[in-house]
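Asks: Provided below are the primary sequence and the corresponding predicted coordinates.
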Amino acid sequence: MTPSPSNWQLLELPSPELFEARLQLHWALQIAASVGHTFIPPLHDQSHTSFEWMKQHEALVGKITPKRFRSGLRFRDLTLLLCDARETVIDAYPLVDNTLEEGYAWLEQAVASVTGNPLDKILSRHPYDLPDHPVAHGTAFRSSELFTEHARWYANANSILNQIRAENTGSSPIRCWPHHFDIATLITLDVDKDLEEARSIGVGMTPGDDHRPEPYWYATPWPYPQEPALPPLEGGGQWNTDGWLGAVLPASSMQRTARDQAAQVAAFLRSAVDACRDLLEGDGG
């Protein structure tokens with residue numbers, strides 16, 4: 001399951017500047033997510049608002065709307081994208097030196113231009129809380145060289161999660177969720193049961209959150225086993241038991257070369273998925 005080192009982009013040590021860049025990207029993504037919220041019929045798992053990593057654009061791009069367009073966010077220069085169904089960029093708007101509201105205004109105009117009709121309603125905003133940042137209060141987005149570093153994390157995650165999917169039946173498409181900003185696949189163990197009742201393993205990467213500000217890889221069993229005996233993990237992984245149960249490999253514990261990082265993350269995720277599967281099967285599954 002080890003990715004080819006030529007496909008793995010070297011990841012640097014985390015820093016406070018990386019965390020700040022993540023918050024700007026997270027808020028910027030909400031503008032693009034408004035297209036899914038507004039134009040795509042809601043799904044019970046909220047996947048109508050989700051994104052996929054599009055390698056050729058180095059961007060997270062949302063679902064195709066019934067009008068055959070989709071929105072996205074290119075990381076390296078923090079640029080909003082409007083694409084057609086063939087994944088061609090038809091319009092773009094740089095957010096650096098512009099505000100959140102200016103981004104929403106541009107997207108509304110761009111959508112109206114693509115559809116040929118004025119919008120009959122404004123774009124729906126995200127319905128959940130996000131980590132606070134000055135851009136939420138009218139400050140303009142700022143440039144950061146570390147936007148590109150986040151792009152490397154998502155590109156690597158998309159690559160290795162595709163391998164996880166190929167090796168595990170019952171795996172969902174790889175999705176990035178605008179709420180938590182993680183990119184993941186869900187391995188369903190009980191494919192004959194409703195998703196609410198089925199045992200599953202979430203496997204993915206998050207660029208950081210309220211509990212752990214640095215990026216990390218994870219695998220989580222669901223439902224959480226009762227009083228589990230947690231096995232050791234490969235690749236320097238550890239178990240998180242504070243607030244939620246899951247295997248974690250933080251950025252600060254990663255190796256320092258592309259080849260070693262690729263091997264380490266592959267070993268960690270393989271052992272973490274196996275451990276979660278064993279925990280679920282040993283908990284009455």
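Replies: It's in. Numbering: from 1, shown residues only.

Asks: What segments of the stretch 1-150 of the chain are helices?
Replies: Assigned by DSSP state H, counting those that start in this stretch, the helices in the stretch 1-150 of the chain fall at 16-39, 100-115, 147-167.

Asks: So which elements touch the longest one?
Replies: It stands for helix 16-39. The contact analysis (3 or more C-beta pairs under 8 Å, 6 or more residues apart in numbering; DSSP states H and E) places helix 16-39 against strand 51-54, strand 59-62, strand 69-74, strand 79-84, helix 100-115, helix 147-167. C-beta: built from backbone N, CA, C; applies to glycine.

Asks: do you know which of these lies nearest Pro178?
Replies: strand 51-54 (6.9 Å; C-beta to C-beta).

Asks: Touching the closest one from outside, list them.
Replies: Applying C-beta atoms under 8 Å, 6 or more residues apart in numbering, the contact partners of strand 51-54 are 29, 32-33, 59-62, 72, 87, 154-155, 157-158, 173-176, 178, 183.

Asks: Report the buried residues of it.
Replies: Buried residues in strand 51-54, defined by neighbour count with 16 or more other C-beta atoms under 10 Å: Phe51, Glu52, Trp53, Met54.

Asks: Then stretch 141-160?
Replies: For stretch 141-160, by 16+ other C-beta under 10 Å, it's 141, 144, 146-147, 149-160.

Asks: would TSV of the helices of the stretch 1-150 of the chain with mean pLDDT and distance to Trp8 be doable?
Replies: Shown next, in TSV, are those (pLDDT from 0 to 100; distance: least, C-beta to C-beta, whole Å):
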stretch	mean pLDDT	distance to Trp8
helix 16-39	96	18
helix 100-115	94	32
helix 147-167	98	6
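
Asks: Out of those, which one sits most buried?
Replies: helix 16-39 (a mean of 21; mean count of other C-beta atoms under 10 Å).

Asks: That one versus helix 100-115: what angle between them?
Replies: For helix 16-39 against helix 100-115, the angle by axes from the mean of the first three to the mean of the last three C-alpha atoms, to 10 degrees is 40 degrees.

Asks: Return the helix or strand in this protein with minimum mean pLDDT.
Replies: Of all helical and strand segments in the chain, the minimum by mean pLDDT, DSSP states H and E falls on helix 100-115, at a mean of 94.

Asks: between that helix and strand 79-84, how many degrees?
Replies: Using the same axes, to 10 degrees: helix 100-115 against strand 79-84 is 20 degrees.

Asks: tilt between helix 100-115 and strand 69-74?
Replies: Going by the same axes, to 10 degrees, helix 100-115 makes 140 degrees with strand 69-74.

Asks: sorry, back to before: make TSV from the helices of the stretch 1-150 of the chain and add distance to Ser253 to it.
Replies: Formatted as TSV, the helices of the stretch 1-150 of the chain follow (distance: least, C-beta to C-beta, whole Å):
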stretch	distance to Ser253
helix 16-39	15
helix 100-115	34
helix 147-167	15
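
Asks: Stretch 9-19: end-to-end distance?
Replies: 19 Å (C-alpha to C-alpha, to the nearest Å).

Asks: which other residues reach it?
Replies: Counting by C-beta under 8 Å, 6+ apart, 144, 146, 149-150, 152-153, 155-156, 208, 213-215, 251-252, 254, 257-258, 261 sit against stretch 9-19.

Asks: The same query, at a cut-off of 6 Å, please.
Replies: Contacts to stretch 9-19, defined as C-beta atoms under 6 Å, 6 or more residues apart in numbering, come from residues Leu146, Glu149, Arg152, Ala155, Asn156, Gly208, Pro213, Glu214, Ala251, Ser252, Ala258.

Asks: Name the nearest of those relative to Gln46.
Replies: Gly208 (21.0 Å).

Asks: Starting from Asn156, give me the distance back to the closest residue in space to Ala258 that isn't next to it in sequence.
Replies: Sequence neighbours aside, Leu10 is the residue nearest to Ala258 in space, at 4.4 Å (criterion: C-beta to C-beta, 6 or more residues apart in numbering). Counting by C-beta to C-beta, to the nearest Å, the gap from Leu10 to Asn156 is 9 Å.

Asks: Also Glu12?
Replies: With C-beta to C-beta as the criterion, Glu12 and Asn156 are 12 Å apart.

Asks: do the same with Glu17
Replies: Computed with C-beta to C-beta, the distance linking Glu17 and Asn156 is 20 Å.

Asks: Can you check the pLDDT for the nearest residue to Glu20 once chain neighbours are set aside?
Replies: With C-beta to C-beta, 6+ apart as the criterion, Glu20 has its nearest non-adjacent residue at 7.3 Å, and that residue is Ser144. pLDDT, Ser144: 98.
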